[in-house]
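got a predicted structure plus its sequence, pasted below:
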There are 2 protein chains.
Amino acid sequence: MSLISIFALGGLHEVGKNMYAVQYADDIIVIDCGNKFPDESLLGIDLIIPDITYLVENKEKIKALVVTHGHEDHIGGIPYFLKKLNVPVYATRFTLGLIELKLKEHKILRETELVEITPSSNLSIGKIAVSFFKVNHSIPDCLGIVFDTPEGRIVHTGDFKFDLTPANNEYSDIHKMAEIGKEGILLLLSESTNAERKGLTPSEQLVGDHVIEAFRKAKRKVIISTFASNINRVQQVVEACEKTGRKLALLGRSMVNVVTVAMERGYLDVPEGMLIDQDEIDSFSPDQVAILCTGSQGEPMAALARLSNGSFRGVEVLAEDTIILAAGPIPGNERGVSKIVDNFFAMGAHVIYGSGSSSGMHVSGHGYQEDLKLMLTLMRPKYFVPIHGEYRMLHHHRLLAESVGVEEGNTFILNNGDVVDIENSVARHTRKIPVGNTYIDGVGTGNVEDIVLRDRKQLSEDGMLVIVVTISKSDHKLISSPDTISRGFVYGENFDELMKDVNYLITRNVKDLLKSNKVSWNAMKSSIRKSVGQHLFQHTRKKPMILPIIIEV
Amino acid sequence: MSLISIFALGGLHEVGKNMYAVQYADDIIVIDCGNKFPDESLLGIDLIIPDITYLVENKEKIKALVVTHGHEDHIGGIPYFLKKLNVPVYATRFTLGLIELKLKEHKILRETELVEITPSSNLSIGKIAVSFFKVNHSIPDCLGIVFDTPEGRIVHTGDFKFDLTPANNEYSDIHKMAEIGKEGILLLLSESTNAERKGLTPSEQLVGDHVIEAFRKAKRKVIISTFASNINRVQQVVEACEKTGRKLALLGRSMVNVVTVAMERGYLDVPEGMLIDQDEIDSFSPDQVAILCTGSQGEPMAALARLSNGSFRGVEVLAEDTIILAAGPIPGNERGVSKIVDNFFAMGAHVIYGSGSSSGMHVSGHGYQEDLKLMLTLMRPKYFVPIHGEYRMLHHHRLLAESVGVEEGNTFILNNGDVVDIENSVARHTRKIPVGNTYIDGVGTGNVEDIVLRDRKQLSEDGMLVIVVTISKSDHKLISSPDTISRGFVYGENFDELMKDVNYLITRNVKDLLKSNKVSWNAMKSSIRKSVGQHLFQHTRKKPMILPIIIEV
């Protein structure tokens, strides 16, 4: 008998860059490969993906990448992953559509093996039998995954909630889940996003009713913003258009892309003739038009933000238009969203907004506490690993598990890289594999060194000062006065005065040092940095980066 | 008869930097002078205060600065204001205490005329009679202000809510307000922060009860964080300590400063012997100690954040300690706060947190819709100017005013700088005075030029590249190969290769240009910037700042 090992390369103690792995003997199956968006401290970084060095070092063992669903925090890292590990990718039809968009962009679609699966698929990957069950979430075609090993059954839930009246018949297959968990399972990995929230997630149906009502009340055009991937929400908007006789225009590249994939693959049903181009908007009466757009998180370059400041070419928001934000702001985005709401109010528009489900225009796609308890009850796991969330969410999820019968001590709150090994049906947290963040910075990929980020931070707050000192090779004397160039540093009345002082300071400093014949250029540079730095801080309270350059001629 | 004019220099279409003015004939009275904290886009900026150029130009008319209360968004700009306009400052005893702390720091306490007032004070400032009424808010000793001019009565509410069971007997003087508004007033300026929130603000009493309960339940030490200025909350913590037999330690400079002012001036009643120093904490049993600290907004350098990552020297958080966040996160701070909460959970502490009043540990100091309607009803204004808030809050406040009888068309939603002139009891929005933001950047004050901020942004995202080209004066030839220095730019395997290309490119470029004798150094610099910029963008998708330096020797 061999070990079963479970570990995460991303997704624990964070929301984003989900990536988990199940290993049995020499077969590793990777689950999801997401990205995460950087916070403000990561200046200039575009994306964060899991560091997969460990997987690359175990290349021959990696048998497959299985994808639970098509959200960015589950698929956003796939192109970078595949460039290093060209393994087959298993996903449902809709998820594959979204992955293909990415692979095309990265020009690696052709060399990738994509395998379409359904909730009824049964795969043999190495010594592991893999099967699936349908779950409901805020994007179509989501899966939970069952791994049957000779040592026992492991289940990964994917992202889920239990919505008994979902849009588009995206029902959870509760019967199959019950069947899977009937005899109990060895270990469950279940998502924890809403483990802090009491009760059961509200149904998507509520939102549908509110959208239709808002469309009915709107006297002029309606602009509604949501996540492009929330095809169920898009379907509700289509239905509201149908019921109120409106044409629908799509704004924003990702909205057009994702809706196109959804329509082509049969996940979205749009009546013939309803969709119009953005340049047709003005040819209809305002009460016959709706616009569905990206930017619900306040992203400054997305359609909604541009509409809110009048910079979206060809489409104008007018007084009495109705704006609906059909997605709650993700923590960190509140300020951007509220600025947009404010702009729309100032334009005289009606704005329907609010945090979470308070406006009736949004419900979470992640199960609340009762949803999570239902999953735990259906699966009856011996061992439990809460995944997908910050520490406090994992912590609360553990309490929920214990409340429905998981034995105390049998829940593992892991960190990325922590490995749970199971042998003879006994699980232990044994070892740690190397994990980390890989930053995508322009086209570069890698671990942006701390020093680069530290430099950017200093530059961003205090700017910099380049000091060029020219020294004669022949007689070791300063040739003319030093040149200084500053960028992003202070300004104001006293700036010229300050630079004169600095010049004087450097000249004196360099002359002194040159008297001793043995001074190295490095010593001279650090002496300049120190004396100028002190002077500037004293007079401005700023610490610009000081870059002395010594030219010997 | 003369005009009455009303305008704001800050506080409209924003939350922060409140500053309003009432003018009658040649007398201008300024109300408050606050600051605002910069958002992420203002790289390196410490504070924002109102641009007071207009006031400085009308120096001889400015008769007084009257301050409603001691919150930063009402007093944070005072030192900068006084350095340019040395007028008497009127404020209540506690507010003066906080202002004095600032003036000491800026070394201008001695030359400032501070006048202590009470809610019963009656002042004659120029031709304006000024009186006050007590309002309740989340800091002691708050005022609303009445301006009686020969043309009629103007009222400014300050920040307020109606709490009928406040901490520390900080009751609103409803009887006086009723008296002031009995005959109706000409124009009301009232704060709008919570104009979007239905109902009446919950009472501070609720929080007091919850704090005591949490202290009772806590088995080990309690760490509670709130705004230092929320002396009512501090008093509740003191009471909870008293009821549960705990000593209290204060952490964080502003907590110590403000509590000291409050105790000295009689706004806070702390039993003899309750306060202990932080190095005494360990000499008591954990169930006999509580800690009150700053940092409830997740500020990374404040006490709470440092406790959460183990970097507060001398005080350690241990498993089973109780952490209470007794302040809701201000929009924009959610991410920082949630990181701290997470750290405490990971330490095994009990954490009581939550947004707004959901945890029971916080209530807003700003009145909800019913509070605002009550103020409007008490004052019966003919004209109404909603102040203190984003556009949408002002908008909602107008609707509230109309619902309690302010005539449609009589509410002015102004922007900073918009002036309402009142003549013969008729108000009109007539003109605009110059206003703006003054940035405090280190010790510099002024309008940080856009270009400095733009430079910082570019530096922060893409870093920079300094290129030094040395050219011989005598024969106009390139001396050796160019030097390049990069900071905050890319890294990684291909960096050296890239720099080689850049060097080659510059060398060729400069040699070509030098062939024509007429090339200017500026033309050469811009040619280098262009060719290097294109090359780098093509290969890295980054646009570092390129700084060519030409040295002629």
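Good, I have the coordinates. Numbers count the residues shown, from 1 in each chain, chains lettered A, B, ... in the order given.

count of residues packed around whatever residue of chain A ends up closest to chain B?
Residue nearest to chain B within chain A: residue A:460 (3.0 Å; CB to the nearest CB). Backbone N, C-alpha and C define where each C-beta goes, glycine included. A count of nearby residues for residue A:460, using other CB atoms under 10 Å in any protein chain shown, gives 24.

how's chain A carved up into domains?
According to automatic domain parsing, chain A comprises the domains A:4-199+A:364-440, A:205-357, A:450-552.

related to what we said a few turns ago, is the residue of chain A closest to chain B located within a helix, as I assumed?
Yes - under DSSP: H, G, I helix; E, B strand; the rest coil, residue A:460 falls within a helix.

now do the contacts for it.
A:43, A:488, B:43, B:44, B:456, B:457, B:459, B:460 (CB atoms under 8 Å, 6 or more residues apart in numbering or on different chains).

which one of those residues is nearest to residue B:68?
Nearest to residue B:68 out of these is residue B:44 (CB to CB; 30.8 Å).

hmm, the closest one is touching residue A:488, no?
Yes - here residue B:44 reaches residue A:488: they are 7.5 Å apart, a contact under CB atoms under 8 Å.

overlap of the contact sets of those two?
Residues touching both residue B:44 and residue A:488 by CB under 8 Å, 6+ apart: A:460, A:462, A:463, B:456.

of those residues, buried ones?
Neighbour counting by 16 or more other CB atoms under 10 Å in any protein chain shown classes A:460, A:462, A:463, B:456 among these as buried.

confidence score at the last one?
The one in question is residue B:456. Per-residue pLDDT puts residue B:456 at 84.

what's the answer for the third one, then?
Among the per-residue scores, residue A:463 shows a pLDDT of 87.

ok, the one 10 residues further on next?
According to the predicted model, the pLDDT of residue A:473 comes to 79.

just give the nearest non-adjacent residue to it, would you?
residue A:552 (5.0 Å; CB to CB, 6 or more residues apart in numbering or on different chains).

please name the bridge partners of the one you found.
Per DSSP bridges, the residues bridged to residue A:552 are residue A:471.

before we move on, what about residue A:146?
residue A:131, residue A:155.

right, and it touches residue A:128 too?
No - in this structure residue A:146 lies outside contact range of residue A:128 using CB under 8 Å: 9.9 Å.

thinking again about what came up before, so residue B:44 and residue A:488 - more neighbours on which side?
For residue B:44 and residue A:488, the more surrounded residue by other CB under 10 Å is residue A:488, and the numbers stand at 31 against 25.

contacting residues around the closest residue to the more buried one other than its chain neighbours?
Among residues not flanking residue A:488 along the chain, residue A:463 sits closest, at 2.9 Å (CB to CB, 6+ apart). With contact set as CB under 8 Å, 6+ apart, residue A:463 has these partners: A:486-490, A:542, A:544-545, B:44, B:452, B:455-456, B:459.

before we move on, the earlier item: turn the shared contacts of residue B:44 and residue A:488 into TSV, including distance to residue A:338.
Listed next are the shared contacts of residue B:44 and residue A:488 as TSV, based on distance: CB to CB, whole Å:
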residue	distance to residue A:338
A:460	24
A:462	29
A:463	30
B:456	24
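
rewinding a little: narrow the contacts of residue A:463 to those in strands?
A:486, A:487, A:545 (DSSP state E).

from the buried ones among the shared contacts of residue B:44 and residue A:488, which is closest to residue A:536?
Ranked by distance to residue A:536 (CB to CB), those are led by residue A:462 at 8.9 Å.

the closest one against residue B:46, yeah?
No - with contact defined as CB under 8 Å, residue A:462 does not count as touching residue B:46 (11.2 Å).

poorly predicted segments of the stretch 51-200 of chain A, please.
The stretch 51-200 of chain A contains no residues with pLDDT under 70.

and if you look at the stretch 301-450 of chain A?
For the stretch 301-450 of chain A, the ranges with pLDDT under 70 are A:355-357, A:442-450.

what about residue A:247, distance to residue A:235?
Going from residue A:247 to residue A:235 by CB to CB, to the nearest Å gives 16 Å.

ok, now residue A:219?
Plainly put, residue A:219 is 25 Å away from residue A:235 if you go by CB to CB.

between these two, who's got more neighbours?
Applying other CB under 10 Å to residue A:219 and residue A:235 shows that residue A:235 carries more neighbours, namely 21 against 11.

could you list the buried residues of the host helix or strand of the more buried one?
Following DSSP states H and E, one finds residue A:235 within helix A:231-244. Within helix A:231-244, the residues scored as buried using 16+ other CB under 10 Å are A:231-242, A:244.

turn those residues into a markdown table, including pLDDT.
What follows is the buried residues of helix A:231-244, written out as a markdown table (pLDDT from 0 to 100):
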| residue | pLDDT |
| --- | --- |
| A:231 | 93 |
| A:232 | 90 |
| A:233 | 92 |
| A:234 | 95 |
| A:235 | 95 |
| A:236 | 94 |
| A:237 | 96 |
| A:238 | 97 |
| A:239 | 96 |
| A:240 | 97 |
| A:241 | 97 |
| A:242 | 97 |
| A:244 | 97 |
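
go back to those and keep what's next to chain B.
For chain B, no contacts are drawn from those by CB under 8 Å from any CB of the partner chain.

from these, which is closest to residue B:334?
Nearest to residue B:334 among the buried residues of helix A:231-244: residue A:233, at 23.6 Å, using CB to CB.

need the pLDDT of the residue of chain A closest to chain B.
Value listed for residue A:460 in the pLDDT field: 84.

now it. Nearest residue, chain neighbours left out?
Nearest to residue A:460 is residue B:460, by CB to CB, 6+ apart, at 3.0 Å.

before we move on, back to that, want to throw the contacts of residue A:460 into CSV with distance to residue B:60?
Listed next are the contacts of residue A:460 as CSV, based on distance: CB to CB, whole Å:
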residue, distance to residue B:60
A:43, 47
A:488, 39
B:43, 38
B:44, 36
B:456, 38
B:457, 41
B:459, 44
B:460, 44
